[in-house]
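Colleague: When you get a sec, could you give me coordinates for this:
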Amino acid sequence: MIFFEFARRNIRLNLLRSLLAVIGIVIGVVAIASMGILGNSLVLSISDSLTTVGDTIVITPHAGGGGGGFGGVSSRGITDRQVIEIQRAAGSNVVIPLYSGGDRIVIGGEIGAAQIYGMRPSEIPELLEIRDGVYLRGSTTALIGSSLADEYDLIVGSRVAIGDEEVRLRTIGILEERGVGFDINPDFAVVVSDAFYRDLYGDDDWSMVIVKVRDLNKIDTVRAAIDEQLNRREQVVNVLDTRAILETLIETFNRISTFTVAIGGISLVVAGVSIFNVMMMSVTERTREIGVIRSIGARQGEVLRMFIYESFILGFIGSAIGGVLSFIGGYIAVIIMLEDTSYLFVPSSLVYILYGMAFGIGTSIVSGFYPAWKASHLNPIEALRHD
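Modeller: As a prediction, the model looks like this:
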């Protein structure tokens, strides 16, 4: 196509000016795609870390009593009778009451602090997984969270002392890493039997109750049933649906991701202005040439396409280079922020490269449309007289 060749020729004749326009497109595409990749990878990472508790309902005492500081929790908690009511409302779903507090620990003469959870040994497998060793046996053994074990180099058989009295327990198992949760966070915790916890801290009422819902489609129904069972007359407990929090959190991160992509888009708009200036200068410099082309029979649409081709070529080259650099930039950003590149290669992350390239080409064409329209509507006689 002769008019496409005219567009390529003009880019070659004004190489430096065209190169600056291409660089602007490259920067814009890289900004959009890299920020999109990073944002999506962050959302996927958070989602994977939290989905293990997305099937959970957490019941805590209303107006305090379930938080716990050093040396146990407040005396106000959830009674055994209330646990029975929760089990009745929850039906066949797993109900796990537990104690929660914090205390000092002593390991090999080194003093630290850890979260202390007290649970019925038979119910621990419903909530936690073992990395090494076995589950609790008796009241003189403990399970250690993975992060706590790594920090203090604990293994199965290590001794841990808890509290001011430094009651010694033998580590019988190391827990599998669980990540951040809305119910409990066992990675930096010591898990003991409920009997040991009561003897050490003197607590009778439970700090919280966790319900693991087997069918996620029924989680709202189960939550409503528990709330109706315990809070009929007054607010006795707080019933928290972790799935709703998970969905809200992921939605928030998605909005943050969209915002960062929009910030990157600003640079592409600036690049569009640069292409607009390049095309306007091209029209001004080639006014006489346009007059000659029109005088030998070229139609307005053909002149319009010639300049659209020129802006398209600039946008395509810039977007292609930007797409390649976006993958590299996204890789670097994910490595720095997440230290894990597995989320980079999923389709929902890679699609941002296509979005950035499409936006780059589209911005170029839009920016070149008015100069192209102006060139196509020049009066051939006046254009030939242009000096």
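
Colleague: Name the helix or strand of this protein that has the lowest mean pLDDT.
Modeller: Least confident helix or strand, the chain: helix 380-385 with a mean of 67, by mean pLDDT, DSSP states H and E.

Colleague: Phi first, then psi, for the closest residue to Ser18 other than its chain neighbours.
Modeller: In space, and not counting its chain neighbours, Ser18 is closest to Ile11: 4.7 Å by Cβ to Cβ, 6 or more residues apart in numbering. To be clear about C-beta, it is placed using only N, CA and C from the backbone, and glycine gets the same treatment. Ile11 adopts backbone torsions of phi -60, psi -40, taken as degrees, to the nearest 10.

Colleague: Report the contact partners of Ile11.
Modeller: For Ile11, the contact set (Cβ atoms under 8 Å, 6 or more residues apart in numbering) comprises Ser18, Glu310, Ile313, Leu314.

Colleague: Of those residues - the most surrounded one?
Modeller: Neighbour counts for these (other Cβ atoms under 10 Å) peak at Leu314, which has 30 neighbours.

Colleague: for the record, mean pLDDT for the helix or strand containing that one?
Modeller: Using DSSP states H and E, Leu314 sits in helix 300-338. Helix 300-338 carries an average pLDDT of 87.

Colleague: next structured bit after the longest helix seen in the chain?
Modeller: Counting residues, the longest helix found in the chain (DSSP state H) is helix 242-285. Using DSSP H and E, the helix or strand that follows helix 242-285 in sequence is helix 287-295.

Colleague: which strands and helices sit next to that following helix?
Modeller: Helices and strands touching helix 287-295, by 3 or more Cβ pairs under 8 Å, 6 or more residues apart in numbering; DSSP states H and E, are helix 300-338, helix 380-385.

Colleague: how distant is the longest helix of the chain from the center of its chain?
Modeller: Remark: helix 242-285 is offset 18 Å from the chain centroid, using Cα atoms, centre = their mean, to the nearest Å.

Colleague: tilt between it and helix 300-338?
Modeller: Counting by axes from the mean of the first three to the mean of the last three Cα atoms, to 10 degrees, helix 242-285 lies at 140 degrees to helix 300-338.

Colleague: of all the contacts of Ile11, which comes closest to Asp153?
Modeller: Nearest to Asp153 among those: Leu314, at 59.5 Å, using Cβ to Cβ.

Colleague: Can you tell me how far that closest one is from Leu19?
Modeller: According to Cβ to Cβ, to the nearest Å, Leu314 and Leu19 sit 9 Å apart.

Colleague: buried residues in the stretch of helix or strand Arg88 belongs to?
Modeller: For Arg88, the host element (DSSP H and E) is helix 80-90. Neighbour-count burial for helix 80-90 flags Gln82, Val83, Glu85, Ile86, Gln87, Ala89, Ala90 (criterion: 16 or more other Cβ atoms under 10 Å).

Colleague: and if you look at stretch 160-172?
Modeller: Burial within stretch 160-172, assessed by neighbour count using 16+ other Cβ under 10 Å, is assigned to Val160, Ala161, Ile162, Gly163, Val167, Leu169, Thr171, Ile172.

Colleague: now could you export just the CA positions of it as PDB?
Modeller: Taking C-alpha atoms only, stretch 160-172 is exported to PDB below (Å, rounded to 0.1, in the frame of the first residue of the first chain):
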ATOM      1  CA  VAL A 160      10.000 -25.200  76.100                       C
ATOM      2  CA  ALA A 161       9.200 -23.400  79.400                       C
ATOM      3  CA  ILE A 162       6.100 -21.300  79.600                       C
ATOM      4  CA  GLY A 163       5.100 -18.500  82.100                       C
ATOM      5  CA  ASP A 164       6.800 -16.900  85.100                       C
ATOM      6  CA  GLU A 165       6.900 -20.300  86.700                       C
ATOM      7  CA  GLU A 166       8.600 -21.700  83.600                       C
ATOM      8  CA  VAL A 167       6.500 -24.800  83.400                       C
ATOM      9  CA  ARG A 168       8.400 -27.100  81.000                       C
ATOM     10  CA  LEU A 169       6.800 -28.900  78.100                       C
ATOM     11  CA  ARG A 170       8.300 -31.300  75.600                       C
ATOM     12  CA  THR A 171       7.800 -30.400  71.900                       C
ATOM     13  CA  ILE A 172       6.000 -33.400  70.300                       C
END
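
Colleague: Next, report how far it is displaced from the centre of its chain.
Modeller: That offset, for stretch 160-172, works out to 38 Å (Cα atoms, centre = their mean).

Colleague: Go through stretch 232-244 and flag the buried ones.
Modeller: For stretch 232-244, a neighbour-count test (16+ other Cβ under 10 Å) marks Val236, Val237, Asn238, Val239, Leu240, Asp241, Thr242, Arg243 as buried.

Colleague: model confidence over it, on average?
Modeller: Per-residue pLDDT over stretch 232-244 has a mean of 83.

Colleague: From start to finish, how long is it in a straight line?
Modeller: End-to-end span of stretch 232-244 (Cα to Cα, to the nearest Å): 23 Å.

Colleague: ok, and what's touching that stretch?
Modeller: For stretch 232-244, using Cβ under 8 Å, 6+ apart, the contacting residues are 53-63, 78, 82, 181-183, 216, 219-220, 223, 226-227, 230-231.

Colleague: same deal with stretch 336-345?
Modeller: 37-38, 40-42, 44-45, 330-331, 334-335, 349-350.

Colleague: Narrow those to those that are buried.
Modeller: Those of the contacts of stretch 336-345 that meet the buried threshold are Ile37, Leu38, Asn40, Ser41, Leu42, Leu44, Ser45, Gly330, Val334, Ser349, Leu350, by 16+ other Cβ under 10 Å.
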